[in-house]
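1. what shape does this take:
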Amino acid sequence: MEGYPKAGLFELFKDGFNTPFEILVACIISIRTTDEVMLPVARQLFARARTPAEAAALTPAEIAALITRSNYYENKAAQIHEIARRSIEEFGGDLPCDFDALMSLRGVGPKCANLTLGIACGQPRIGVDVHVHRVANRWGYVRTRTPEESLAALETKVPLPYWIDLNRLVMPFGKFICTGNLPRCSTCPVLDMCPRIGVTAHR
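-> Predicted coordinates for the structure are as follows:
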């Protein structure tokens, strides 16, 4: 996606915020929050606490004060603090590259677990957010009702070497071109291959 901002978690990874803890925390901050907000908020938090030990040393209220621009910041602060505490108490001070372990953490769903494993751990994982879900269905590549269903369907269809890149490439495409309302079909680079399923109006 030349000319458009990179997907936020991949941008953080490129900038050196590349541990499973950092990527998972940033993903939690990103829930119901745009990348334009998530990126500076995550960097502000990481300026104070980049490791589980540093985050656990803060109170949930102190974490909340650092991430107030994120939606639901008080709930997220409590989740981040608990993840930091459990990282120390159960995982030896950092998060493991293990799906079941990540899914056992409060507030962590398949999207954040898979993105963490794919980006920070280099595992072949597909991260499905609302953008990937929408685009895959508009293309007719899957016919699903939820991101969770799209994840399961895409895992059966997308070749393994492309799993990590799927979110990196499709998320910005869905955010800036194949948007939820009035997609920019007139400037879409793959218009001639797209059946535009479910699109009733466009730009």
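2. OK, contacts around L58?
-> Residues near L58 by C-beta atoms under 8 Å, 6 or more residues apart in numbering: 48-49, 81. (Each C-beta comes from the backbone N, C-alpha and C, glycine too.)
3. can you rerun that using 6 Å?
-> By C-beta atoms under 6 Å, 6 or more residues apart in numbering, the contact set of L58 is A49.
4. so what touches the lowest-mean-pLDDT helix or strand in the chain?
-> Within the chain, confidence by mean pLDDT, DSSP states H and E is lowest for helix 163-176 among all helices and strands, at a mean of 92. Residues outside helix 163-176 that contact it (C-beta under 6 Å, 6+ apart): 1, 4, 7, 10, 118, 124-127, 131-132, 134-135.
5. off-centre distance for it?
-> 10 Å (C-alpha atoms, centre = their mean, to the nearest Å).
6. can you check stretch 175-191 too?
-> Put simply, stretch 175-191 sits 21 Å off its chain's centre (C-alpha atoms, centre = their mean).
7. swap in stretch 119-135?
-> 7 Å.
8. now swap in stretch 112-122 and tell me
-> The answer for stretch 112-122 is 9 Å, by C-alpha atoms, centre = their mean.
9. how about it: buried residues?
-> Buried residues in stretch 112-122, counted by 16 or more other C-beta atoms under 10 Å: 112-121.
10. just the residues you listed now: which is nearest H202?
-> Nearest to H202 among the buried residues of stretch 112-122 is L115, at 28.8 Å by C-beta to C-beta.
11. chain neighbours aside, what residue packs nearest to the closest one?
-> Setting aside the residues directly before and after it, L115 is nearest to G127 in space (C-beta to C-beta, 6 or more residues apart in numbering), at 3.8 Å.
12. quick one, what contacts the residue nearest to S186 when sequence neighbours are not counted?
-> Leaving aside its sequence neighbours, S186 sits nearest to R203 (C-beta to C-beta, 6+ apart; 5.9 Å). Neighbouring residues of R203 by C-beta under 6 Å, 6+ apart: 182, 184, 186.
13. looking at those, which is nearest E54?
-> The closest of those, once distances to E54 are taken by C-beta to C-beta, is R184, at 41.8 Å.
14. contacting residues around the closest one?
-> R184 touches 177, 203, counting by C-beta under 6 Å, 6+ apart.
15. how is the protein carved up into domains?
-> What automatic domain parsing lists as the domains of the chain is 8-119, 130-193.
16. in JSON lines, list the ones you listed along with distance to V199.
-> Output for the domains of the chain, formatted as JSON lines (distance: least, C-beta to C-beta, whole Å):
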{"stretch": "domain 8-119", "distance to V199": "23"}
{"stretch": "domain 130-193", "distance to V199": "6"}
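17. comparing these, which comes out most buried?
-> A comparison of the domains of the chain by mean neighbour count, using mean count of other C-beta atoms under 10 Å, puts domain 8-119 on top with a mean of 19.
18. so where's this protein uncertain?
-> 1-3 (pLDDT under 70).
19. output the longest helix belonging to it.
-> Counting residues, the longest helix in the chain under DSSP state H turns out to be helix 73-91.
20. would you mind pulling the contact partners of it?
-> Counting by C-beta under 6 Å, 6+ apart, 25, 28, 52, 55-56, 60, 63-64, 67, 94-95, 105-107 sit against helix 73-91.
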